[in-house]
Every structure is written in C-alpha cells, then in structure tokens.
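Student: 3D, please:
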Amino acid sequence: MLRYSLLLFNLLAALTIRAQQSFTLTGKISGHPDGMIRIGYEAAGGKRVSDSSRISNGSFSFHGMLDGPTNAYIYENPRASMDDPNVTDFFVEPGDMTITLKQGAFREAVITGSTTETEYQLLKAAQEPIREEEKPLIKRYDAANAAYRKAVKAKADDRTLDTLKYRAAAIHDAFDPFNDRMAQMDYQFFAAHPQSYVTAYMLQYHTSSLPLDSLQLFYDRLGSVLQQSSPGRHIAEEIAMLKAGSPGSMAADFSKKDLHGQQVTLSAYRGKYVLLDFWASWCVPCRKSMPHVKELYDQYKDKGLAVIAIADDDNNPDAWKKAIAKDGTDSWPNILRGLDWELRRKGEKNPEDLDDKFGIHSLPTKILIDPNGMIIGRYTKGTDEEAAALDAQLAKAFADNTVTIDGSLQGLTAGTWVYCFLNANRDRKDSVRSFGGGFKMMVTVPEGEADQYILQIGPKLQAGAISLVYLDKGTVTVKGPGPLLKDAVVTGGEAVSDYNAFGEYLKNSSQLAGSDSVYKKFRDLYAKKDTLGYTALEPELQRIDSIKTELTKAWILQHPSSRVASMILTFNLGRLDLDKKVAIYDQLTPEAKNNASGKRLEYSIRVNNLTGIGKKALDFTQTDTAGRPVSLRDFHGRYVLLDFWASWCMPCRAENPNVVAAFRKYKDKNFTVLSVSLDRPGAKDAWLDAIHHDGLDWTHVSDLQFWNNAVAKLYDIESIPSNLLLDPNGVIVSKNLHGEELEKKLGEVLP
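Tutor: Here you go, the predicted model:
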C-alpha cells in the first residue's frame, strides 16, 4: 500500500548556484471577471512563494524570479484542496507565459510559453487511454471507500468494518496493472528526456517503486543543474535513505519505547538475525502478512531470530494497540516509527523517524539484518514471491549442522563444567558437565559457519584451561593427560589436520627460534600489568610478529584450498592491512571461503567500503561514564580521534600517553578525542579506574560488551588499539595513527 506525500510546498529549500531569471505569467479567466487569484511555487534560492493578483475584467498577471523550471499551483481559495475544481498545477519557467482558465474547470487550463509544461502534456496525453480505462475501477473504489467511511461514522461492529475495509483493499489491488503500465510510460519518458525538469519532477514519485540501481541511474542522468533543483535534492535525499536501508548497508541504530514501556535498542540484538517489520493498523496487506511473520518467528526464535514491529500509527496509538491484540503479535517488541507531522509540515528532518532512517516508502516493508548488524534483505511489495524469498533467506541462515566433541582428559573430575565459545566474539555455544575423565558435547554449527572455537575447562580463564578447535562437521576428538587442556591433542577431520599442520609449520621454523621465551616474558608482564616493561619489549614482539606474518602468508598461499586458510587469514593476520588480506583472500578456492571466517572477511571488506578513508563516518549513540547518551554527531565541526581501547588491553594502555600528549597539544585547536571502550560486562570500575589512572580527560563511551561492543561491530574493529581521525564534517581522513604518526598527522591537518 503506497503512501504518497503531497509535495506542494513541503520540499526542502536549499540555496543553489544557478542563475536567477525572471518570469511573467499573463492570464485570462472566463466566468470570473473580478476578484483574487493566487499562485504558489518555489522561487529563486529555494524560497517558497505564495502570491496573489487581482482579476480585472477577466485578466491577471504574476511576476517573479526563478532558478529554472518549477511546479506551480494556481487557485482561488487559499484553503482549497486539490479536489477543488478551481485548482490546477502546471510548470512555470523563466520567460513570458500565458494561461487561459475557465471558472469551475481550472484543470482544462491552456498554457503557452512553457516548454516544460508542453513536455508534461505530451506525457499526459500518451497516458490518457490508460486513465480512461481505469475510470470504472476508480468509481468502484470510491464507492467502497464511501461505504467504509459511512460504517465508521455509524460505529459499525468490527466484523462489518473489516469486511468493508478488505473489500476496498481488494479493489485497490486491481489498480496495480494500471499503475504498472503508467509507470512504464514514465520510465520511457525518463529515458528519452533525461535532462527534462519533468523527468526530475516525476522521478521523485517513483523513489519507492524503482529498484535502487535504476533510480540512481536516472538521477545521474539528470545532470548537475537538475540535481540541484528542488526535485533533484529531494531524490538525492531519498536515495541516501534507501541506501541506508538496503542490503549491504549497516543498519542504523535506534532506541524506542515499546508497547509496554520497555526500551528497545537495535544494537542490543547484535548476534541475532533481526527482522524489522514496518506496518500499520490501517494497512490491509500488512495485516494479511502477520500470520506469515508469526510462523517465521515460531520456527526460528530459538535459533536466533528476533522480530521488531515498527508501526506507522503515531497519530492513532489506540488503533495500533487494538490491531496488535487482535492479530496476536505481542510475542515480539512493538514500537512506533516516530512520525512528527509538525516537523514534516515544516519540511524539517526528524532523526527519530525510523521510516526516514530506513527509507520506507511503502507498507508492508520488511528488512532482514544479520548478526553483525548488516542489512541482508529488503522486501517491499508484500507479494507471495517476496514472502518465499524471505523464507529462503532465513532457511539458509539457520541451516544446521551438529558437531560432536569427544573429550578424554585423565584426571578430569566428574561434574566439572566444560564450555565451548565462538572465538570471534566469545559467544557461548554450549556447556556440559564432565563425567570421570571425559566429556561429550554437541555443538550446532550453521551450514557455512564453520569456524574457530575455544574449549575451556572450568568457569575461570587460567593457564592450560583453554584449547582452540576448528568445528566443521562430524566428530572432533580431544585427548590429553588432563585435568586441563594443556598438552591435549585435537584430531578429527581435514580442517583440524590442516590447522595442526600449520601449527607444526610455525613451531619448526628456525626464524622463530626463541620466540616462546619472549612470549612467556610478555605474558608475565601482562599479568603484572607492567606497562613500562611491555613498552620495552614491544620492538622484539613486533619483530617476531613480522616474521610470523610472512610465514603465515606463505603457508596460506601454499594451501589455498584448505578449509582453515580463511580462518588463519582472519585470526593470525588480524593487523594486516585489509587490502593485503583481500589480495590473499582472492587466491583462495571457493571451498576455503565457505565458512564463517570467509564470510567475516567479506563482511570486513563491505564495512571498509563504508568506513574507508574519504567516507563519512557512521553515526552511533552509546552511553558515557555517567550513563548519558553520546552520539558521534554531537562532535560535528571538530576534528575527532575515534579511539577504540580497553582497560585490559596492555598495548592500548601503552599507547595512551601518546593520545594524551596529542589531546593536550591540540585540544584548543578544534580537536578532541572520543574513546570507545571494549571492556567486559561488569567491568565498569576497571574502565573508570583506567581512565583516571591514565589521565584520559575526554569523553568516553561503552556498552561494556567486550568484543561485541556495538560501535566496534559497526566499524568492524578486530584488534585494539585502533582509531580513526575524522574531519569537522565527519569524513574519515586517516586510520590507526599511533605514536609519532598521530602527532605528525595532527600537525598536518591542524593549524
């Protein structure tokens, strides 16, 4: 059910660089020799003008300044609606024009001197046979609507109202073939007249129906002058909103109160697939689709699917609540979109309107978001074909594969808890109690999600208690002297064999001789939180890391078909520049890429395309140390170092003095720091202590979700310390500036 906004005077006005030119409109009206007549249009500089002229002996005239062609409305009564017979719209342009009107029949106006209007009339004439053909249907639809309105006024029972409403909706659906034929004629006109103002004007009514790539193509062909026109600016805004809500984009975060007053925050659902269902109580196709949404939710809710229903009922919350109760859709969060008609009437933006955030133009619209917060599906037509496409997408996402972990550890006490975590985010997958000397665990690994996991004996992280395993399919065996996992041998499957072979390859390299003792020293310093000792050891660690990087690259390129190649590339080469990772990844076989690590790297590539140097930084909101919401947009107008760190991260703590020095030197030169902490749940005191101890006197935010921090996920932060330098417009100008590099870059961009 399409929702069209009247664009009479509500398009945003913005200054353009086009030359201002005058126009004169001379008119004659029959049947109305005296009185007032009015005109409304967008004048030069984007100013909205309402002008009036006195009719004298059936004649009148208007004069003004224009940037170029624009749509105008001529009318008598300032309170008249578009249905008034003494209202019509047409295109004015710089120059001299005439208009001939007939009292009571303004739509039969004859205009001369406007090339734009002539082009528009040609399009209307071509579509006139279709309009004639659909007139009987319009008559039936008007009658059905009138019957429904009459029943509402008479306070008929719900059953009668539903019958009449669905009858009108069924007739409305019959307009689709006519609308499709009219749209095809519009598209043909756009293609034949790419730089006509009529194309720009009409194209803004197709932003909801055209595929995004087609809309972008027509917009690109308008040329710079029309792109700066009022319709052109409107289309550009619509494209930006559509991109924000289309597959491949990161879903914009939001936080709203639900039906029961509970706060619903999208980023809190990271780690789950989320279906955003945009609907309304008055939208018949939306209500018809609810049973299907309920089926999907019941089928996948225990596997990680969440649904958030977003209703366009801000002006009628009682109808919203009644529809939820009647349809039985209170099993998931229900929120309102956040429509503010006062702001919309003024043409002002509303950052709280979720329809604008996700480019919603028609209902129902469903948007599917993956566990990383990336949009992977958008369904806008409410058809059976789209429902089937959503079914297929979810079936693929939740296809299961069970892996058995068979553990044999001598000395393992019966009843000891054994945990299995996904290494990427420490998300717990399973836990079991051991039997004497062993354990058996069944872990569900979604198809195509094979990955590196962590086995852990006992609830506390301690030396020898963990082991890395690669879970793909079948059975993995873990054998060792126990009672912990130190010296345990993991076998089972080709992937595990490959990973073990990679470990032996590094272990036997003469270039890494003596590295074990260096790592032991590092662990001791880390345990003691000896920042100075770590800083002194860092050059040796970097040397070893450089050698391991080259050896790892060589092994991957020698084993491009290995099922663990993409995992090793992701985890062992975490600090390698993304373009270098991509160069290696491109040489892997499809089999080697078909796992979670491969998908994670592909995700990193997509995110980097959104957050690379020269791109606008993605906005976010997170709470500061006092629990107050802080948004990145709050820092607009200043250079900002967006710094990712954690109190537990020794390299971060060692880098902090450099950040402090930069902040103190440049804070009075339009520069600041915004730090995002990846501290663990329950570690707020450690976070605050580190801020105080290190003298970090700037704004800090965190959701205390460790590697699942929503902002870190948004920017695909895989290692810390990491940072991005943003200019006053929020554009990313540099990444990962540390030590002298940070000082040097700030010296270049700041006076």
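Student: hey, let's count contacts and neighbours off CA atoms from now on
Tutor: Noted.
Student: which SS state does A156 fall under?
Tutor: coil (DSSP: H, G, I helix; E, B strand; the rest coil).
Student: distance of it relative to K257?
Tutor: According to C-alpha to C-alpha, to the nearest Å, A156 and K257 sit 33 Å apart.
Student: just Y187 next, same as before
Tutor: Distance from Y187 to K257, by C-alpha to C-alpha: 41 Å.
Student: these two: who's more crowded?
Tutor: Y187 (19 against 14; other C-alpha atoms under 10 Å).
Student: run the chain-centre distance for whichever strand or helix holds the more buried one.
Tutor: For Y187, the host element (DSSP states H and E) is helix 176-192. Helix 176-192 sits 30 Å away from the centroid of its parent chain (C-alpha atoms, centre = their mean, to the nearest Å).
Student: where do the strands of the stretch 251-400 of the chain begin and end?
Tutor: With DSSP state E, counting those that start in this stretch, the ranges of strands along the stretch 251-400 of the chain come out as 255-257, 263-265, 273-279, 305-311, 334-336, 365-369, 375-379.
Student: buried sites along the helix holding Y187?
Tutor: Of the residues in helix 176-192, those buried by neighbour count under the rule 16 or more other C-alpha atoms under 10 Å are 182-183, 185-187, 189-190.
Student: phi and psi next, for V418.
Tutor: phi -120, psi 130 (degrees, to the nearest 10).
Student: for the spatially closest residue to H63 that is not a sequence neighbour, which residues make a bridge with it?
Tutor: The spatially closest residue to H63, leaving aside those adjacent along the chain, is T24, at 4.6 Å (C-alpha to C-alpha, 6 or more residues apart in numbering). Here T24 sits in beta bridges with H63, D96, going by DSSP bridges.
Student: neighbours of the closest residue to N670 other than its chain neighbours, how many?
Tutor: Counting by C-alpha to C-alpha, 6+ apart, N670 lies nearest to R638, which is 5.2 Å off, once chain neighbours are set aside. Counted with other C-alpha under 10 Å, residues neighbouring R638 total 18.
Student: list the residues that contact R638.
Tutor: By C-alpha atoms under 8 Å, 6 or more residues apart in numbering, the contact set of R638 is 670-672, 727-729.
Student: could you list the domains of this structure?
Tutor: 21-113, 120-244, 255-397, 400-420+433-462+472-485, 510-591, 621-749 (automatic domain parsing).
Student: figure out which of those is closest to S497.
Tutor: Closest approach to S497 among the domains of the chain is made by domain 510-591 (9.6 Å; C-alpha to C-alpha).
Student: end to end, how far does that closest one reach?
Tutor: Span of domain 510-591 from end to end, C-alpha to C-alpha: 31 Å.
Student: re the thing from before, what's the farthest-apart pair in the contacts of R638?
Tutor: Using C-alpha to C-alpha, the contacts of R638 span at most 13.9 Å, a distance reached by T672 and N729.
Student: just so I have it, where are all the helices in the stretch 401-550 of the chain?
Tutor: For the stretch 401-550 of the chain, the helices defined by DSSP state H, counting those that start in this stretch occupy 494-507, 515-528, 531-558.
Student: can you redo these as a markdown table with distance to G682?
Tutor: Shown next, in a markdown table, are these (distance: least, C-alpha to C-alpha, whole Å):
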| stretch | distance to G682 |
| --- | --- |
| helix 494-507 | 34 |
| helix 515-528 | 20 |
| helix 531-558 | 23 |
